[in-house]
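Undergrad: Any chance you could fold what I've pasted below:
(one chain, ligands or ions: 1)
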Amino acid sequence: MPDAATMEKIVALCKRRGFVFASSEIYGGIGSTYDYGHYGVLLKTNVKNEWWRAMVRERDDIVALDSAILQHPKTWEASGHLAGFTDPMVDCRACGQRFRADHLGELQCPQKPSKHVGDGPSCDLTEARDFNLMFETTMGPVKDSGATVYLRPETAQGIFVNFKNVLQFSRKKPPFGIAQVGKSFRNEITPGNFVFRTREFEQMEMEFFVPPDEAPQWYDFWKAARRDWYAELGIREDHLRLRDHDPDELSHYSSATADVEYLFPIGWSELEGIANRGDFDLTQHAKFSGEKLEYFDPQTKDRYVPHVIEPAAGADRATLAFMVDAYDEEEVEGEQRTVLKLHPRLAPVKAAVLPLVRKDDQPAVAQEVYGALRGLMQSEYDEGGSIGRRYRRQDEIGTPYCVTIDHQTLEDRTVTVRDRDSLSQERIAIDALPGELAARLAAPWSSPKTA
Ligand code: ATP
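TA: This is a model prediction of the structure:
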């Protein structure tokens, strides 16, 4: 059976249920930027929290950082972004549009008949030129005399320039890591595929500083750990793979890179890159800043520039992959339902509290149950419409547990808990409910989706 998820269906669901909107929509939108609505914010926040959990909360050797988006322009000279953060671009003289020269085979020509860029009868492409992807702006109130600064195209450099600060104040020694989540900006030539490639996006990056001779083993460790993170959060194994870069794909600073890839409806695509960056970054920043960026081991009297292993992920891409992997359409009791079978820990809302009818004491007891749950987990109260419609609303946003209050509740203070995936209904005492749901949320989970 083909997978129910298509990019069009995901985009439609995101709009219908307020996960993601096109940015500045009332003005006709602005090139490939998106705004996250309520459920989208909750989902993406859960993705980022799971990353923090795996990277910082469950480890003793990684600390957190939140560096500024605007950094000294020398940062980008040292990192090589000013000279080399470019993509090859071609212009089409016929339609006036720009395309990434290395993606021509995948890009659609905007003119009829529908062909790949360059293959249409009127396509007239220029030679490829390098286009720098960094957004420029001016710092200071006077435009002409202000300094040109750049919106960071990755969060990593904010980590390298803080290496010394963190080393001094965190009482860590290699191997140790610095983790950061935040916005990055790239003036992508051909953004697209919804939030997969946008010009403003969030990254989750960690730089792991190690003694040089330990770099290969830590590279292998982080490749496996990062792949497993997606699998543990429910991504189906047959839709997940690690792909080692060929030598000709490697960046100038990297001796080895692998991508965690997901089988999107558009084909296998990168979710995250894991790179062995050697001592390139610290050496460059030491050269440009004049600061010593090295580690002195007081025991062995060894002085060295640590090597760096970097897992660099995208929060928006990961969120999209979790949605695509979770999306399903099924027939339940003769009716069609759309459901997001998300890992319960990722689900935007964990529990929906639903009085069966809006009379007797049911809404009052439901409010009491809702009050007990909402402090513990993201919960929702809904008394509008038939119970079937309310279940389907929750299915569409991926709520794993619907708690229904009915006439029996008023007699014995039990509620039913409907499981989103198995559709089983179990009666549970109100007093035991918070503990029961917390236990279910903490349990291992794998996708019930088969396709
Ligand atoms: P790509 O080859 O897709 O352009 P990249 O190799 O340039 O990506 P990195 O520089 O390794 O990407 O960035 C790390 C991660 O940041 C990517 O794996 C991706 O998840 C995310 N990312 C990078 N560019 C974008 C973008 N334009 N929109 C959304 N996410 C992005």
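Undergrad: Confirm that residue 67 sits in a helix.
TA: No. Looking at residue 67 with DSSP: H, G, I helix; E, B strand; the rest coil, it is coil, so not inside a helix.
Undergrad: which bits of the stretch 51-200 of the chain sit near the ligand?
TA: Contact residues (CB under 6 Å from any ligand atom) of the stretch 51-200 of the chain with the ligand: 154, 186, 188, 197-198. (C-beta placed from N, C-alpha, C; glycine too.)
Undergrad: Now with 5 Å, please.
TA: Counting by CB under 5 Å from any ligand atom, the residues of the stretch 51-200 of the chain close to the ligand are 188, 197-198.
Undergrad: Kindly report the same for the stretch 201-350 of the chain.
TA: Counting by CB under 5 Å from any ligand atom, the residues of the stretch 201-350 of the chain that sit close to the ligand are 201, 203, 270, 272-273, 312, 314, 317.
Undergrad: nearest to residue 124, of those residues?
TA: Nearest to residue 124 among these, counting by CB to CB, is residue 270 at 31.3 Å.
Undergrad: Just the pLDDT for the closest residue to that closest one other than its chain neighbours.
TA: Once flanking residues are discounted, residue 270 sits nearest to residue 259: 4.5 Å by CB to CB, 6 or more residues apart in numbering. pLDDT for residue 259: 98.
Undergrad: Direction included, what does the helix or strand hosting residue 259 pair against?
TA: Assigned by DSSP states H and E, residue 259 belongs to strand 256-264. Using DSSP bridges, strand 256-264 pairs in its sheet with strand 240-244 (antiparallel), strand 267-278 (antiparallel).
Undergrad: Residue 212 is nearest to which of the ones you listed?
TA: Here strand 267-278 is closest among those (CB to CB), at 8.1 Å.
Undergrad: what does that closest one contact?
TA: 196, 215-216, 219, 222-223, 226, 230, 241, 243, 251, 253-262, 307-314, 317-318, 321 (CB atoms under 8 Å, 6 or more residues apart in numbering).
Undergrad: Distance of the residue of the stretch 251-400 of the chain found nearest the ligand relative to residue 200?
TA: Residue nearest to the ligand within the stretch 251-400 of the chain: residue 314 (2.3 Å; CB to the nearest ligand atom). For residue 314, the distance to residue 200 (CB to CB, to the nearest Å) stands at 12 Å.
Undergrad: Could you do residue 428 as well?
TA: For residue 428, the distance to residue 200 - CB to CB - is 44 Å.
Undergrad: where do the helices sit along the stretch 151-300 of the chain?
TA: Per DSSP state H, counting those that start in this stretch, the stretch 151-300 of the chain has helices spanning 156-160, 163-170, 215-232, 280-289. These are given in chain order.
Undergrad: right, so these: which one is the most enclosed?
TA: The highest mean neighbour count among these, using mean count of other CB atoms under 10 Å, belongs to helix 156-160: a mean of 23.
Undergrad: nearest spatial neighbour of residue 186, skipping sequence neighbours?
TA: Residue 186 sits nearest to residue 133 (CB to CB, 6+ apart), 4.5 Å away.
Undergrad: Please give the number of neighbouring residues around that neighbour.
TA: 17 (other CB atoms under 10 Å).
Undergrad: contacting residues for it?
TA: 85-87, 153, 186-189.
Undergrad: So how do I select the buried members of the residues you listed in PyMOL?
TA: Provided next is the PyMOL selection string for whichever of the contacts of residue 133 are buried by 16 or more other CB atoms under 10 Å:
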select buried, resi 85+87+153+186+187+188+189
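Undergrad: I'd like the distance from residue 346 to residue 397, if you could.
TA: Counting by CB to CB, the gap from residue 346 to residue 397 is 12 Å.
Undergrad: can you check residue 243 too?
TA: The gap separating residue 243 from residue 397 is 32 Å, by CB to CB.
Undergrad: so where's the protein uncertain?
TA: Along the chain, segments meeting pLDDT under 70 span 1, 142-146, 450-451.
Undergrad: The same query, at a cut-off of 50, please.
TA: Low-confidence segments of the chain (pLDDT under 50): 451.
Undergrad: just to revisit the earlier point, okay, the strands paired with strand 256-264, which one's buried deepest?
TA: Counting by mean count of other CB under 10 Å, strand 267-278 has the highest mean neighbour count of the strands paired with strand 256-264, with a mean of 20.
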